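Q: Next input, structure requested:
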Amino acid sequence: MPQDVAIMGFDNIEFVEHAAMPISSVKYEVDLVTELAVERLLQLIAAPTACLSRVSPSRPRLIVCDSTTGGGD
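A: Prediction:
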């Protein structure tokens with residue numbers, strides 16, 4: 001790898017740091033995304049027909065490791 005196959009993960013779980021080959025991953029702020037989802041759900045319950053914005057301050061980050069290009073962050 002990655003000459004023949006590239007592997008990409010999601011959520012940058014701790015396991016990937018200890019894998020035989022570090023796996024590239026997408027990292028996002030789980031707590032922030034959860035908080036935004038609950039807030040949105042409560043808004044929809046309070047006003048089911050309201051038009052709510054879809055702005056999200058969460059910005060995912062790409063963690064590049066050996067499983068896709070040969071290393072780096």
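
Q: residues in contact with residue 9?
A: 16, 23, 24, 25, 26 (CB atoms under 8 Å, 6 or more residues apart in numbering). Using the backbone N, CA and C atoms, a C-beta is placed for each residue, glycine as well.

Q: can you confirm residue 33 is in a strand?
A: No. Residue 33 sits outside any strand when classified using DSSP: H, G, I helix; E, B strand; the rest coil, being helix.

Q: Give me the distance between it and residue 60.
A: Using CB to CB, to the nearest Å, residue 33 is found at 9 Å from residue 60.

Q: for residue 34, same thing?
A: Going from residue 34 to residue 60 by CB to CB gives 15 Å.

Q: Can you pull the phi/psi pair for residue 10?
A: Residue 10 adopts backbone torsions of phi -140, psi 140, taken as degrees, to the nearest 10.

Q: list the contacts for it?
A: The contact partners of residue 10, taken as CB under 8 Å, 6+ apart, are 25, 26.

Q: What strand or helix carries the residue located most distally from the centre of the chain?
A: Within the chain, the residue lying farthest from the chain centre (CA atoms, centre = their mean) is residue 49, at 29.5 Å. For residue 49, there is no helix or strand it lies in under DSSP states H and E.
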